[in-house]
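Chemist: Show me the folded form of this:
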Amino acid sequence: MNSLQRIGFGGGCHWCTEAVFQSLHGVINVQQGWIASDGENNTFSEAVIIDYDARLIPLDVLIEIHLHTHKSTSAHSMRKKYRSAIYVFRKEDEEITKDILESYQSKFNNKLITQVLPYSEFKPSREAITNYYFKNPQKPFCKTFINPKLKLLLKKFSTYTNNKIAHLNTEKA
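Modeler: As a prediction, the model looks like this:
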């Protein structure tokens, strides 16, 4: 098996999702933008595509991180723009991903609404807003919405975090 793998994640703001996955050891590349699937999910929704080394960070850990860093149990009114989804690029990854997702249900009080969907199309964000958090860590949006997610990474998934967010360990909660 090739250790370099690709998966897409959508759920909340792509600035948040991008920062979360950029902060993980074993994630090689994060592309921020909008992903469409097929059928009723053929509209574009904010998401990221990540390339990762499965020897360094397994898919089940990536999925668990994704579930804990967005509202994966909330069917709020903005779900068209912020679809809670895991996008697979190969048909053979669909069942594996569904099984992993199902295995995490017991860790949540409410039903997970995250869908496993086939990837169809991607539109990248414009360059000016990519790498948003690491270009703008002092902006109010970053401090209010992204820092709590990154602090959760440091607390629950420190084995997989890289040194990009080490400075958050010294900040007050």
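
Chemist: CA atoms for contacts and neighbours, from now on please.
Modeler: OK.

Chemist: contacting residues around the lengthiest helix in the chain?
Modeler: In the chain, assigned by DSSP state H, the helix with the most residues is helix 91-103. With contact meaning CA atoms under 8 Å, 6 or more residues apart in numbering, helix 91-103 is reached by Asp60, Ile63, Glu64, Val88, Val116, Leu117, Pro118.

Chemist: Tell me how far the second one lies from Thr43.
Modeler: Right, the one you point to is Ile63. Going from Ile63 to Thr43 by CA to CA, to the nearest Å gives 22 Å.

Chemist: Now do the strands in this structure.
Modeler: With DSSP state E, the ranges of strands along the chain come out as 4-10, 27-36, 45-53, 85-88, 115-118, 121-124.

Chemist: Return the distance of stretch 60-75 from the chain's centre.
Modeler: 7 Å (CA atoms, centre = their mean, to the nearest Å).

Chemist: which residues sit against that stretch?
Modeler: By CA under 8 Å, 6+ apart, stretch 60-75 touches 9, 11-12, 17, 20, 84, 86, 100-101, 104, 110-114, 149, 152-153, 157.

Chemist: Endpoints of that stretch, how far apart?
Modeler: The first and last residues of stretch 60-75 sit 23 Å apart, counting by CA to CA.

Chemist: So which bits of that stretch are buried?
Modeler: For stretch 60-75, a neighbour-count test (16 or more other CA atoms under 10 Å) marks 60, 62-73 as buried.

Chemist: Same check on stretch 45-57?
Modeler: Ser45, Glu46, Ala47, Val48, Ile49, Ile50, Asp51, Tyr52, Asp53, Ala54, Ile57.

Chemist: Include distance to Glu127 when you put those into a markdown table, please.
Modeler: Converted to a markdown table, the buried residues of stretch 45-57 look like this (distance: CA to CA, whole Å):
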| residue | distance to Glu127 |
| --- | --- |
| Ser45 | 18 |
| Glu46 | 15 |
| Ala47 | 15 |
| Val48 | 14 |
| Ile49 | 15 |
| Ile50 | 17 |
| Asp51 | 19 |
| Tyr52 | 22 |
| Asp53 | 25 |
| Ala54 | 28 |
| Ile57 | 27 |
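
Chemist: Kindly indicate which of those residues lies nearest Thr130.
Modeler: Val48 (10.7 Å; CA to CA).

Chemist: just checking, the closest one touches Trp34?
Modeler: Yes - checked against CA atoms under 8 Å, the pair Val48 and Trp34 is within contact range at 7.2 Å.

Chemist: any weak-confidence spans in this protein?
Modeler: By pLDDT under 70, the weakly predicted segments of the chain are 1, 170-173.
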